[in-house]
Structures are given as structure tokens and as C-alpha cells.
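Enquirer: fold the following.
(one chain, ligands or ions: 1)
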Amino acid sequence: MLDAALAPSDIEAVALAGLTARPKWLPPKLFYDEAGVALFERITELPEYYLTRTERALLQRCGAEITALAPPDAALIEYGASDEAKARLLIDAQPGRFAAYVPIDIAAPALAAMAARLASSHPGLAVHPICADFSEPLALPRASTGRTAFGFFPGSTIGNLDPEAALAFLRRAGRTLGAGAHFVVGTDLRKDPAILLPAYDDAAGVTAAFNLNLLRRLNREADADFDLAGFTHRAVWNDAESRIEMHLVSRRRQRVRVAGTAVDFAPGETIHTENSYKFAPAAFASLARQAGWETIRVWTDADGLFALHALQLTGSPG
Ligand code: AVI
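Expert: Next up, the predicted model:
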């Protein structure tokens with residue numbers, strides 16, 4: 001997930017576009033510099049952040065059923081694969097079912113490390129990493145064409161896309177994966193805000209540090225002079241939109257310079273930094289259907305926290 005694809009001029013342009021808008025916003029892809037990746041790793045281990053461990057347990061429990069949907073010798077295509085840990089739970093659930101593994105991520109070093117680890121643990125598996133931004137159109141490597149594609153997008157990362165972007169992504173994935181493909185997507189379920197809010201505002205303050213790290217990154221990479229003590233982290237449940245929002249709240253009236261431009265903040269004014277959509281299963285099925293995907297199976301944990309949706313391409317992705 002490391003943000004290797006952003007050039008310094010892109011970061012300044014993206015930061016200025018968001019900070020001169022009303023309301024102010026910054027794109028969540030800016031979270032993932034090296035420090036942000038390390039903070040996100042810590043988030044996934046927090047007691048309040050149930051998403052990662054619940055999805056992992058679901059994959060452990062249902063991996064064989066999920067994998068049984070794939071024809072023999074299929075190619076497992078993972079979107080946003082920062083490591084291969086979750087894919088291993090599918091690859092190892094029915095050894096030999098997947099002949100190829102295609103991890104897609106923007107961090108070339110992480111992809112190379114994954115390929116090296118899998119070459120020693122799974123010498124019979126063909127690994128073809130693609131270094132690309134999955135929000136752009138992409139082509140599968142020739143070595144995996146001719147195999148039925150089995151898409152995999154775990155981690156609730158689709159929840160960080162706004163509905164139009166999620167729909168566009170699902171359509172693009174349909175075109176990439178092709179006729180007959182399956183796609184397994186992990187989403188966080190809609191639930192009581194008393195469970196959701198602490199997951200995005202933990203007692204140890206790791207999510208706050210993750211959010212504030214964005215300003216530290218702009219100080220370093222977008223010639224900005226944010227005083228980090230002048231902002232606080234806020235997580236909000238937006239029920240109408242079915243999403244957790246993260247904001248950075250200005251503690252006082254202040255002026256910040258960003259790439260030579262003055263940006264003024266009123267006391268209490270916020271920068272909206274992330275949306276994390278939470279789906280009822282029927283709502284996700286309806287989104288997927290609009291992109292040509294039919295939901296054929298949904299697995300959830302006993303506490304109703306997280307869902308894995310198995311989709312099959314039936315219609316035209318549009
Ligand atoms: C990466 N993504 C699925 C995380 C989420 O839960 O939306 C990002 C995150 N933001 C705050 N905590 C975790």
C-alpha cells in the first residue's frame with residue numbers, strides 16, 4: 001500500500017486542490033508514506049480494530065469453500081496486495097487449485113519481496129506481480145491469460161472508495177478479469193456505531209497518529225508548515241451515507257502555508273481525510289450488480305462484523 005506512485009509535484013497539487021476547497025479535504029492515498037504504512041500495521045493489531053483479524057479468521061474458516069469456486073489451474077488476482085498473507089489462506093486451502101498468483105500493488109519493493117517469499121515456499125506457483133495503481137485500467141500479464149481469473153480484493157479497501165469510484169472499480173475489474181471470472185471482495189458490515197467508532201478512534205491514539213501523520217507528510221513533501229499540535233483527530237459515523245468519516249479539526253484560528261499558498265483555518269474547521277463505507281450485504285450486492293457482478297455467496301462471522309462476498313461476472317461490466 002506504500003504510496004510509491006506519487007511524485008512531489010503531484011503531492012503539492014493534490015494537497016492544494018483539497019485544502020483550497022470548501023469543505024477542505026485530503027485524499028486518503030496520502031496516508032501511506034513509510035510512517036503511515038507502519039502506523040496502519042499497528043492499527044490492524046489494535047483491540048478495537050476488529051476488521052483485519054475477523055477477515056483473517058473468516059478466510060481460515062471458509063478458505064476451502066471459497067477456493068472450491070475456482071476451476072483447477074485458475075489465476076488468483078489480488079488487488080492492493082501489500083503482502084501475500086491473506087492470499088496464502090486461499091492458495092493453501094486447496095493446494096494446486098491456483099496455478100498462478102498475480103498480486104497488484106503500487107509498491108514495487110513489497111511485490112518483489114512477496115515474489116521471493118512465494119518462490120521458496122510455493123515453487124510450483126507462477127507469481128506475476130503487477131506494479132500498478134488499481135484505480136487505473138490495467139492489463140493482466142500474458143502468462144495468466146488463458147487461465148480463468150479469480151479476483152480477490154480483501155481488507156475492506158473497497159470501502160475507502162466513494163460509491164461512484166467503487167462502481168467504476170468493479171466495472172474495470174470485470175473488464176480485466178473477463179468472462180466467467182469470480183471475484184471475492186471483503187467489506188466491513190454496517191453495525192452499531194458503539195463498535196465502529198472506537199475502531200477509528202482507539203484508546204492508544206494510533207489512529208489519531210495515523211491521521212495526523214498526513215500533515216507531517218505535507219510538511220516534508222508539500223513545503224507546508226502545519227503545527228501538528230494545532231489539529232486533533234475526529235472520527236464521525238455518518239448514518240445517512242453509511243460511512244465512518246475521519247477529519248482533522250483545527251483547534252484555533254490559524255494560517256498555514258502549503259507550497260507557497262496561504263491556507264486559513266477557522267477554529268473547529270475540519271479537513272475531511274477519509275471515508276470508510278460500511279455495507280449491509282444487500283447494499284453491496286446491489287452495487288456489484290450495477291457493475292455486472294452477481295453475488296453467489298456471502299460469508300460472515302458469528303458476530304456479524306465482516307463479510308466476504310463471492311461475485312460472478314454474469315452481465316456486461318458496462
Ligand atoms: C485501509 N482501510 C480499509 C482502512 C479502513 O478501515 O477504512 C483504513 C483505516 N483508516 C483508519 N483506520 C484504518
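Enquirer: now whichever residue of the stretch 201-318 of the chain sits closest to the ligand. Its backbone dihedrals?
Expert: When scored by CB to the nearest ligand atom, the stretch 201-318 of the chain has S276 as its residue closest to the ligand, at 3.4 Å. (Glycine included, C-beta is placed from N, CA and C.) Phi and psi for S276, reported as degrees, to the nearest 10, are phi -130, psi 100.
Enquirer: do you know how far it is from R234?
Expert: 14 Å (CB to CB, to the nearest Å).
Enquirer: what residues does the protein have near the ligand?
Expert: Contacts of the chain with the ligand, taken as CB under 6 Å from any ligand atom, map to 43, 51, 155-157, 159-160, 200, 207, 274, 276.
Enquirer: okay, and which of those map to strands?
Expert: 274, 276 (DSSP state E).
Enquirer: can I get the residues of the chain next to the ligand in JSON lines including pLDDT?
Expert: Converted to JSON lines, those look like this (pLDDT from 0 to 100):
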{"residue": "I43", "pLDDT": "98"}
{"residue": "L51", "pLDDT": "98"}
{"residue": "G155", "pLDDT": "97"}
{"residue": "S156", "pLDDT": "98"}
{"residue": "T157", "pLDDT": "97"}
{"residue": "G159", "pLDDT": "98"}
{"residue": "N160", "pLDDT": "97"}
{"residue": "Y200", "pLDDT": "99"}
{"residue": "T207", "pLDDT": "99"}
{"residue": "E274", "pLDDT": "98"}
{"residue": "S276", "pLDDT": "98"}
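Enquirer: just put the residues of the chain next to the ligand in CSV and tack on neighbour count and distance to D188.
Expert: Formatted as CSV, these follow (neighbours: other CB atoms under 10 Å; distance: CB to CB, whole Å):
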residue, neighbour count, distance to D188
I43, 19, 13
L51, 21, 6
G155, 21, 9
S156, 22, 4
T157, 18, 10
G159, 22, 6
N160, 19, 10
Y200, 23, 11
T207, 23, 15
E274, 23, 13
S276, 19, 7
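Enquirer: of the residues of the chain next to the ligand, closest to A87?
Expert: Of all the residues of the chain next to the ligand, the one sitting nearest A87 is G155; the distance, using CB to CB, is 11.5 Å.
Enquirer: in contact with the closest one, which residues are there?
Expert: 51-52, 55, 80, 86, 186 (CB atoms under 8 Å, 6 or more residues apart in numbering).
Enquirer: which of these are buried?
Expert: In the contacts of G155, burial by neighbour count holds for 51-52, 55, 80, 86, 186, counting by 16 or more other CB atoms under 10 Å.
Enquirer: so who does the closest residue to the ligand within the stretch 101-250 of the chain touch?
Expert: Residue of the stretch 101-250 of the chain nearest the ligand, by CB to the nearest ligand atom: S156 (4.3 Å). By CB under 8 Å, 6+ apart, the contact set of S156 is 51, 55, 186-188, 276, 306.
Enquirer: what's the closest non-adjacent residue to it?
Expert: Nearest non-adjacent residue to S156, counting by CB to CB, 6 or more residues apart in numbering: D188, 4.4 Å away.
Enquirer: in this structure the one you found contacts N275, no?
Expert: No. The pair D188 / N275 is not scored as a contact, 11.9 Å apart, by CB atoms under 8 Å.
Enquirer: ok, the two, which is more surrounded?
Expert: D188 (24 against 19; other CB atoms under 10 Å).
Enquirer: tell me where the protein has helices.
Expert: 8-19, 34-44, 51-67, 85-91, 108-121, 163-177, 193-199, 206-221, 281-290 (DSSP state H).
Enquirer: next, the buried residues of the fifth one.
Expert: Neighbour counts using 16+ other CB under 10 Å place 110-111, 114, 118 of helix 108-121 among the buried residues.
Enquirer: can you check the longest one too?
Expert: Taking 16+ other CB under 10 Å as the basis for neighbour counts, the residues of helix 51-67 that come out buried are 51-59, 62-63, 66-67.
Enquirer: sketch out the low-pLDDT regions of the protein for me.
Expert: Where the chain drops to pLDDT under 70, the residues are 1-6, 143, 145, 315-318.
Enquirer: let's see it at 90
Expert: 1-10, 82, 96, 106-107, 133-146, 179-180, 314-318 (pLDDT under 90).
Enquirer: just flag the most distant two among the contacts of S156.
Expert: Among these, E55 and S276 lie farthest apart (CB to CB), at 14.1 Å.
Enquirer: contacting residues around the residue nearest to S156?
Expert: Going by CB under 8 Å, 6+ apart, D188 touches 51, 156, 159, 276-279, 305-307.
Enquirer: so what's it bridging to?
Expert: Going by DSSP bridges, D188 is paired in beta bridges with F306.
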